[in-house]
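Asker: starting from these lines, generate the structure:
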Amino acid sequence: MAEIGFIGLGNMGLPMAINLVKAGHKVTGFDRVSSACDQARAEGVTIASTAAEAATDRDFVVTMLPNGAISLSVLNEIAPVARKGTIIIDSSTIDVASAKKAHEIAAAAGLGFLDAPVSGGVGGAAAGTLTFMIGGKADDFEKAKPVIDVMAGRMVHCGDGGAGQSAKICNNMLLGISMIGACEAFAMAEKLGLSQQSLFDVVSTSSGSCWSVNAYCPVPGIGPKSPADNEYRPGFAAALMLKDLGLSQEAAASSGAATPMGARATEIYKSFVEAGGADTDFSGIIKFLDQVK
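Answerer: Next up is the predicted model:
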């Protein structure tokens with residue numbers, strides 16, 4: 001079994017770390033929030049006093065952090081003390097430029113590095129069914145597979161450094177767009193006097209079929225259970241969707257990609273978050289549509 005450092009024991013990181021412990025790995029974790037450390041300790045994670053201590057003499061270090069600036073700051077802290085050959089698996093969702101910079105920092109320190117953001121939300125983290133989108137060297141990916149597999153339902157090696165983050169923001173831009181479209185369709189169906197169950201039965205089996213309808217329907221009582229059935233308590237909060245849409249627009253600007261629908265989705269989610277929807281599931285935007293101009 002591997003010696004694993006885990007930095008970032010929040011809503012996503014904690015269940016991921018717990019699954020590694022359950023699989024028999026020795027996990028040493030760190031988080032700046034003491035309550036997160038207390039929960040992790042109760043689940044068998046050894047708690048370090050600093051990120052550097054968590055990363056010292058480990059086979060792998062997993063990081064799950066809020067943004068690119070923090071990810072780079074933590075990497076700069078742990079790179080000088082990590083054992084040569086340690087592979088860092090950064091599952092934070094960050095901008096592509098920061099991910100590529102992280103690969104450079106790790107390589108200069110003799111470390112392997114994978115940018116490995118995830119999809120699947122807190123439920124997927126707890127169940128060990130996350131999808132990992134991974135960028136980095138093929139050899140590092142092969143070495144990290146047994147560790148990632150504990151936390152994953154699926155892992156895809158997308159290419160070289162930065163490819164994982166590129167895949168994540170493209171996917172989530174599409175998700176944000178499609179959820180708004182799904183919400184608009186169900187809202188219009190209601191105004192037209194069409195039952196939402198009838199619309200689901202049609203869309204889920206015809207050309208409008210998409211994950212936002214089939215698996216995560218934004219209407220309560222329709223389709224598989226989703227946050228809509230739990231008063232839109234977040235599986236994936238609107239604030240996080242806005243963050244990812246913002247990253248998609250940064251990438252679009254830097255690459256010259258035309259993303260008019262992505263830009264509009266960003267504007268709509270920004271209005272939703274500013275109106276108080278930050279901690280609502282992103283599918284809860286269905287209740288906000290009448291305010292969109």
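Asker: the helices in the chain, which residues?
Answerer: 13-22, 34-42, 51-55, 68-78, 96-108, 121-127, 138-151, 163-191, 196-203, 211-214, 238-255, 260-272 (DSSP state H).
Asker: can I get those in TSV with distance to Pro220, mean pLDDT and mean neighbour count?
Answerer: C-beta: built from backbone N, CA, C; applies to glycine. Listed next are those as TSV, based on distance: least, Cβ to Cβ, whole Å; pLDDT from 0 to 100; neighbours: other Cβ atoms under 10 Å:
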stretch	distance to Pro220	mean pLDDT	mean neighbour count
helix 13-22	26	98	23
helix 34-42	31	97	15
helix 51-55	42	98	23
helix 68-78	36	97	19
helix 96-108	37	97	19
helix 121-127	18	91	18
helix 138-151	30	98	17
helix 163-191	11	97	21
helix 196-203	9	97	17
helix 211-214	14	97	19
helix 238-255	17	96	20
helix 260-272	18	98	18
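Asker: figure out which of these is closest to Gly223.
Answerer: helix 196-203 (5.6 Å; Cβ to Cβ).
Asker: format the helices of the chain as CSV; extra columns: distance to Asp229.
Answerer: Formatted as CSV, the helices of the chain follow (distance: least, Cβ to Cβ, whole Å):
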stretch, distance to Asp229
helix 13-22, 21
helix 34-42, 26
helix 51-55, 38
helix 68-78, 34
helix 96-108, 35
helix 121-127, 13
helix 138-151, 26
helix 163-191, 14
helix 196-203, 13
helix 211-214, 15
helix 238-255, 17
helix 260-272, 20
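Asker: looking at those, which is closest to Leu114?
Answerer: The nearest among the helices of the chain, by Cβ to Cβ, is helix 138-151 at 5.7 Å.
Asker: just want the angle from that closest one to helix 163-191.
Answerer: 40 degrees (axes from the mean of the first three to the mean of the last three Cα atoms, to 10 degrees).
Asker: now for helix 138-151, which elements pack on it?
Answerer: helix 13-22, strand 60-63, strand 87-90, strand 112-115, strand 130-135, strand 152-159 (3 or more Cβ pairs under 8 Å, 6 or more residues apart in numbering; DSSP states H and E).
Asker: show residues contacting it.
Answerer: Here helix 138-151 makes contact (Cβ atoms under 8 Å, 6 or more residues apart in numbering) with 2, 4, 16, 19-20, 23, 25, 60, 62, 87, 89, 112-114, 116, 118, 125, 128, 130, 132, 134, 155, 157.
Asker: again with stretch 37-52
Answerer: Contact partners of stretch 37-52, identified using Cβ under 8 Å, 6+ apart, comprise 5-7, 9, 14, 17-18, 21, 26-31, 54, 74, 77-78, 80-81.
Asker: are any of the contacts of helix 138-151 buried, and which?
Answerer: Listed as buried from the contacts of helix 138-151 are 2, 4, 16, 19-20, 23, 25, 60, 62, 87, 89, 112-114, 116, 118, 125, 128, 130, 132, 134, 155, 157; burial here means 16 or more other Cβ atoms under 10 Å.
Asker: in CSV, list the C-alpha atoms belonging to stretch 14-34.
Answerer: Output in CSV follows, covering the C-alpha atoms of stretch 14-34 (Å, rounded to 0.1, in the frame of the first residue of the first chain):
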residue,chain,number,x,y,z
LEU,A,14,-12.3,14.6,2.8
PRO,A,15,-14.4,11.7,1.3
MET,A,16,-11.7,11.1,-1.3
ALA,A,17,-9.1,10.8,1.5
ILE,A,18,-11.4,8.5,3.5
ASN,A,19,-11.8,6.2,0.5
LEU,A,20,-8.0,5.9,0.3
VAL,A,21,-7.8,5.0,3.9
LYS,A,22,-10.5,2.4,3.5
ALA,A,23,-8.5,0.9,0.6
GLY,A,24,-5.6,0.3,3.0
HIS,A,25,-3.4,3.2,2.1
LYS,A,26,-1.6,5.2,4.8
VAL,A,27,-2.9,8.8,4.4
THR,A,28,-1.4,11.9,6.0
GLY,A,29,-3.6,14.9,5.5
PHE,A,30,-3.6,18.6,6.1
ASP,A,31,-6.2,21.4,5.9
ARG,A,32,-6.1,24.9,7.3
VAL,A,33,-9.6,24.4,8.8
SER,A,34,-9.3,22.5,12.1
